[in-house]
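> Sharing a sequence plus its predicted fold:
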Amino acid sequence: MSCIFNIIFIILVLIILKVAFIALFFYQEIRTAQKRDPAAKSLLEIILLYQGLHALIIYRLAHLLYKIRRYFLARMLSQLARFITGIEIHPGAKIGRRFFIDHGMGVVIGETAVVGDD
């Protein structure tokens, strides 16, 4: 029985670390979602439940891979994000800071897209 509690404890610690990591590195995007979406109740809700934020986080990682010419890995990551969130953002697209996608199911941002700040 103690093994189950240890596993649950480890999972909770990993969730807390995930939330801290996202809050630290994607603070501007989280604050933007909070400002632009009147339905947002808390930062924790945004971090855990907003598909637009999840798609953007995965896009930023895929874009980094794309910039260092790891095209296959970048596309694979973007396809995983599309499967999870329903939002497809090509890793070659250029997206600025404080970008927010609300109700994003079916949103497609192609390779040649350039989205500025705000």
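Arrived safely. All of these numbers come straight from a predicted model, not from anything done at the bench. Numbering: from 1, shown residues only.

> Name the nearest residue to residue 61, ignoring sequence neighbours.
Of all residues not flanking residue 61 in the chain, residue 77 sits nearest, at 6.2 Å (Cβ to Cβ, 6 or more residues apart in numbering). Any C-beta I mention is one placed from the backbone N, CA and C, and that applies to glycine too.

> Counting by contacts, list what the helix or strand containing the one you found packs against.
Assessed by DSSP states H and E, residue 77 sits inside helix 71-85. The helices and strands touching helix 71-85, judged by 3 or more Cβ pairs under 8 Å, 6 or more residues apart in numbering; DSSP states H and E, are helix 51-67, strand 88-89.

> Name the residues of it that are buried.
74, 75, 77, 78, 81, 82, 85 (16 or more other Cβ atoms under 10 Å).

> Quickly name whichever of those residues is closest to residue 51.
residue 85 (4.1 Å; Cβ to Cβ).

> pLDDT value on that closest one, please?
On pLDDT, residue 85 comes in at 93.

> and if you look at residue 76?
96.

> cool, the one 4 residues further on as well?
The confidence metric pLDDT takes the value 94 at residue 80.

> nearest residue to it other than its sequence neighbours?
residue 58 (7.0 Å).

> Also residue 36?
Here the residue nearest residue 36, using Cβ to Cβ, 6+ apart, is residue 100, at 5.2 Å.

> I figured residue 113 hits residue 94, correct?
Yes. In this structure residue 113 lies within contact range of residue 94 using Cβ atoms under 8 Å: 7.2 Å.

> Mind listing residues that contact the helix holding residue 77?
51-52, 54-55, 58-59, 61-63, 65-66, 87-92, 104 (Cβ atoms under 8 Å, 6 or more residues apart in numbering).

> swap in stretch 35-49?
19, 22, 23, 30, 33, 34, 50, 53, 100, 102.

> Quick one: mean pLDDT for that stretch?
89.

> Now it - C-alpha only, CSV.
The C-alpha trace of stretch 35-49 is given here as CSV (Å, rounded to 0.1, in the frame of the first residue of the first chain):
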residue,chain,number,x,y,z
LYS,A,35,-6.1,39.7,-19.4
ARG,A,36,-7.8,38.8,-22.6
ASP,A,37,-10.1,36.0,-21.4
PRO,A,38,-12.8,37.3,-19.0
ALA,A,39,-13.7,33.6,-18.2
ALA,A,40,-10.2,32.9,-16.8
LYS,A,41,-10.6,32.4,-13.1
SER,A,42,-7.0,31.7,-12.0
LEU,A,43,-3.4,31.2,-13.2
LEU,A,44,-3.6,27.5,-12.3
GLU,A,45,-6.7,27.1,-14.4
ILE,A,46,-4.9,28.7,-17.4
ILE,A,47,-1.8,26.6,-16.9
LEU,A,48,-3.6,23.3,-16.6
LEU,A,49,-6.6,23.7,-18.9
